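*Asks:* The following comprises the amino acid sequence and a computationally predicted model.
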Amino acid sequence: ETGVTQTPRHLVMGMTNKKSLKCEQHLGHNAMYWYKQSAKKPLELMFVYNFKEQTENNSVPSRFSPECPNSSHLFLHLHTLQPEDSALYLCASSQDGLADPDTQYFGPGTRLTVL
Amino acid sequence: GIQVEQSPPDLILQEGANSTLRCNFSDSVNNLQWFHQNPWGQLINLFYIPSGTKQNGRLSATTVATERYSLLYISSSQTTDSGVYFCAVSYSGGGADGLTFGKGTHLIIQP
């Protein structure tokens, strides 16, 4: 595998279900990100992790719970979601922590539908 | 936070035409990236260009940081260039920072 991978690619879940999205980067980066792309809004940042530590939470509801066990893996745990949470969820990674930020590389996304 | 405006929102061209996409941003940035989103949702990196000019084949980009805008040029358009083009920016004082995206330009290249 190369670059940034995400699983599953498609997910349909009910409002009472619990599911997890997985992201893995094979680029040796130290920073990872979750973004949300809804039909009616621009891409929105959700969370930032740098060296496994969460450095930004963009006012995301608690029904979204991120986890970063190491610099290569990032999860997004989902529970009691609403239909308006249906969206494309994108993961990205970059090599940061230095003076200037660097290029972010994106995975293919997970298309989530909440019924 | 930083505001990002892209224009035009929609653009329909014939194959072979040239196009210029614009990105204006409201504050200083030290990260600016252009992406092409394909029909399956994948964001493909085109340029990392917080300042200056870069070229890659038929695509080129220029960012004038002091005037807070960036331009993406596509020459001799092909149908495979169709899709949504996003500009995204951030300002980082050190460490990782999330990108702020514009709403995109939806480009359709007709054969």
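*Replies:* Perfect, thanks for sending it.
*Asks:* So for residue 3, what's the pLDDT?
*Replies:* Because you didn't say which chain, this covers chain A. We have a pLDDT of 94 for A:Gly3.
*Asks:* Please refer instead to chain B.
*Replies:* B:Gln3 is given a pLDDT of 95.
*Asks:* Find the nearest non-adjacent residue to the residue nearest to the spatial centre of chain A, please.
*Replies:* Nearest residue to the geometric centre of chain A (Cα atoms, centre = their mean): A:Trp34, 2.8 Å. Spatial nearest neighbour of A:Trp34, chain neighbours left out: A:Met46 (4.2 Å); criterion: Cβ to Cβ, 6 or more residues apart in numbering or on different chains. C-beta coordinates here come from the backbone N, C-alpha and C atoms, glycine included.
*Asks:* pretty sure that neighbour is touching A:Phe64, no?
*Replies:* Yes - using Cβ atoms under 8 Å, A:Met46 is in contact with A:Phe64, at 6.7 Å.
*Asks:* intersection of neighbour lists for the two?
*Replies:* A:Leu76 (Cβ atoms under 8 Å, 6 or more residues apart in numbering or on different chains).
*Asks:* where does chain B dip in pLDDT?
*Replies:* Across chain B, the ranges flagged by pLDDT under 70 are B:94.
*Asks:* what's the answer for chain A, then?
*Replies:* Regions of chain A meeting the criterion pLDDT under 70 cover residues A:1, A:97-101.
*Asks:* What ranges does it have for its strands?
*Replies:* Secondary structure of chain A (DSSP state E): strands at A:4-7, A:10-13, A:18-25, A:31-37, A:44-50, A:53-57, A:64-70, A:73-79, A:87-94, A:105-106, A:110-114.
*Asks:* Could you dump the ones you listed into CSV with distance to B:Pro111 added?
*Replies:* Shown next, in CSV, are the strands of chain A (distance: least, Cβ to Cβ, whole Å):
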stretch, distance to B:Pro111
strand A:4-7, 33
strand A:10-13, 30
strand A:18-25, 37
strand A:31-37, 28
strand A:44-50, 35
strand A:53-57, 44
strand A:64-70, 42
strand A:73-79, 40
strand A:87-94, 28
strand A:105-106, 29
strand A:110-114, 28
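*Asks:* who in chain A is up against chain B?
*Replies:* Within chain A, the residues that sit near chain B (Cβ under 8 Å from any Cβ of the partner chain) are A:30-31, A:33, A:35, A:37, A:42-45, A:48-50, A:55-56, A:58, A:88, A:90, A:94, A:96-106, A:108-109, A:111.
*Asks:* residue contacts, the residue nearest to A:Trp34?
*Replies:* A:33-36, A:57-58, A:60, A:64, A:66, A:76.
*Asks:* again with A:Glu56
*Replies:* A:45, A:47-48, B:97-98.
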